[in-house]
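> what follows is a predicted structure for the sequence shown.
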Amino acid sequence: MRYRLYPPGRGGALEANVSVAPSQSQSKITTSSIQEKKLNRQQITCLTAYDYASARLVDEAGIDLILVGDSLAQVMLGYDNTLPVTMEEMLHHTRAVHRGVKRALIVADMPFSSYHIDCKEALRNAARFIKDAGAEAVKIEGGEKRSHMISKIVDAEIPVMGHIGLTPQSVHAMGGYKVQGKSLGAIEQLMRDAKALERAGVFSVVLEGIPREVAAMITEELKIPTIGIGAGPDCDGQILVFHDLLGLSFGPPAKFVRRYANLNSVITEALTAYKDDVESGGYPSDAESYHLPKDTAAGLEIVTSRKRAMKL
Ligand code: KIV
């Protein structure tokens, strides 16, 4: 008899890990398998997702890593930037994503001010994502100056993904969303940031909005994988925002965004067709309606015809 120590279908199923060699596409992605991909020179695929439906679609498409990004502030909640989103909102979305995912690694973005006050609060907040929401790692923006705090979180057995370059939570400090790492001094600082994060124990690092050449140098220099967004093709993997990739966002896309679909117009067409059908009486049809069983219909007919007769 075989004992299943954990419910089936989740990554921790001991039986699945030791008794058979699951096919690559079925096996649960972990921080170690993300790192192995760099060693094997396989590109790492990452995407954001923010709810059950988007997470299920992304997971079933075989994407390696799902980031519950704080970009949800903009694409899901309609804020101008990522700064207002709260811990509670991030936890709420992370739980929904967790319910939709079987294979991908789930990383939750730590929101602005959840790790800026002190190490203890940062650690407590990071642990909530793991313990209360089902995340398997957290992402934190910032380099050298965050590395001490990050090492404390890693020491508490919480995997951390770094994020340097154009870090959207620093929008006011950067004076806008500007490509970073364009001068020799800035390149040196980026390299110091990347190395400090690697020493602090992050399992991978997002490189956002930096010149391709700089991303290539950092990728070459680090043992951990780099995941690019607006950082060119030489990173170890790529990430995009779900809504950008699908053409579900409003306003002109950034230079690095490739739109693989235009769901805005698909959805708008469907919604206007529905409105037109309802207004013209074309929806619902008789085939889309429920009907009475035959004898109830016959009984009802007798009752209504008696009522009609009494009115005469
Ligand atoms: O919040 C986000 O979506 C991100 C990106 C790296 C995609 O941080």
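Arrived safely. Numbers count the residues shown, from 1 in each chain.
> check contacts around Lys223.
Contacts for Lys223 (CB atoms under 8 Å, 6 or more residues apart in numbering) come out as Lys38, Glu198. Yep, even glycine has a C-beta here, placed from its N, CA and C like the rest.
> that one sits in which helix or strand?
Assigned by DSSP states H and E, Lys223 belongs to neither a helix nor a strand.
> next one: His93
helix 87-100.
> I'd like the next helix or strand past that helix.
strand 105-109.
> next helix or strand past that next one?
Using DSSP H and E, the helix or strand that directly follows strand 105-109 along the chain is helix 119-131.
> buried residues in that following helix, which are they?
If you call a residue buried by 16 or more other CB atoms under 10 Å, then helix 119-131 has these buried ones: Ala122, Leu123, Asn125, Ala126, Arg128, Phe129, Ile130.
> closest to the ligand out of the residues you listed?
Using CB to the nearest ligand atom, Phe129 comes nearest to the ligand of the buried residues of helix 119-131, at 13.9 Å.
> hmm, that closest one is touching His92, no?
No: if you go by CB atoms under 8 Å, Phe129 and His92 don't touch, sitting 11.5 Å apart.
> please list the residues of the stretch 101-250 of the chain that sit near the ligand.
Those residues of the stretch 101-250 of the chain that sit near the ligand, judged by CB under 6 Å from any ligand atom, are Asp109, Val206, Glu208, Ile229, Ile239, Val241.
> among those, which are in strands?
Judged by DSSP state E, strands contain the following of these: Asp109, Val206, Glu208, Ile229, Ile239.
> so can I have CSV of these showing pLDDT and neighbour count?
Listed next are these as CSV, based on pLDDT from 0 to 100; neighbours: other CB atoms under 10 Å:
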residue, pLDDT, neighbour count
Asp109, 98, 30
Val206, 98, 26
Glu208, 98, 22
Ile229, 98, 26
Ile239, 98, 26
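> distance of Glu157 from Lys182?
Per CB to CB, to the nearest Å, Glu157 is found 38 Å from Lys182.
> can you list contacts of stretch 187-197?
Here stretch 187-197 makes contact (CB under 8 Å, 6+ apart) with 142-144, 146-147, 150, 162, 164-165, 180-181, 205, 207, 210, 214, 217-218, 221-222, 226.
> repeat that with 6 Å
Gly143, Glu144, Ser147, Gly162, Ile164, Gly181, Val205, Val214, Ile218, Leu222 (CB atoms under 6 Å, 6 or more residues apart in numbering).
> buried set for that stretch?
Ile187, Gln189, Leu190, Met191, Asp193, Ala194, Lys195, Ala196, Leu197.
> follow-up on the earlier one: Leu57: which of the ones in strands among the residues of the stretch 101-250 of the chain next to the ligand is nearest?
When these are compared for distance to Leu57 (CB to CB), Ile239 wins out at 16.0 Å.
> identify the residues contacting the nearest residue to that closest one once chain neighbours are set aside.
Spatial nearest neighbour of Ile239, chain neighbours left out: Cys46 (3.8 Å); criterion: CB to CB, 6 or more residues apart in numbering. Residues in contact with Cys46 (CB under 6 Å, 6+ apart) are Leu65, Ile227, Gly237, Ile239.
> top of those by neighbour count?
Ranked by the number of neighbours (other CB atoms under 10 Å), those place Ile227 first, at 29 neighbours.
> look up phi and psi at it.
The phi and psi values for Ile227, taken as degrees, to the nearest 10, are phi -120, psi 120.
> need the pLDDT of it.
Model confidence at Ile227, given as pLDDT, is 99.
> my guess is it contacts Thr219, does it?
No: using CB atoms under 6 Å, Ile227 makes no contact with Thr219, being 9.9 Å away.
> sorry, back to before: same list (the buried residues of stretch 187-197) but as a markdown table, adding secondary structure.
Shown next, in a markdown table, are the buried residues of stretch 187-197 (DSSP: H, G, I helix; E, B strand; the rest coil):
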| residue | secondary structure |
| --- | --- |
| Ile187 | helix |
| Gln189 | helix |
| Leu190 | helix |
| Met191 | helix |
| Asp193 | helix |
| Ala194 | helix |
| Lys195 | helix |
| Ala196 | helix |
| Leu197 | helix |
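> now the residue in the stretch 51-200 of the chain that the ligand sits nearest to: closest residue in space, sequence neighbours ignored.
Proximity of the stretch 51-200 of the chain to the ligand (CB to the nearest ligand atom) peaks at Gly69, 2.4 Å away. Leaving aside its sequence neighbours, Gly69 sits nearest to Thr48 (CB to CB, 6+ apart; 4.2 Å).
> that neighbour and Asn81: what is the separation?
Thr48 sits 16 Å away from Asn81 when distances are taken as CB to CB.
> skip the chain neighbours and tell me the closest residue to Ala216.
That would be Asp234: by CB to CB, 6+ apart, it lies 3.8 Å from Ala216.
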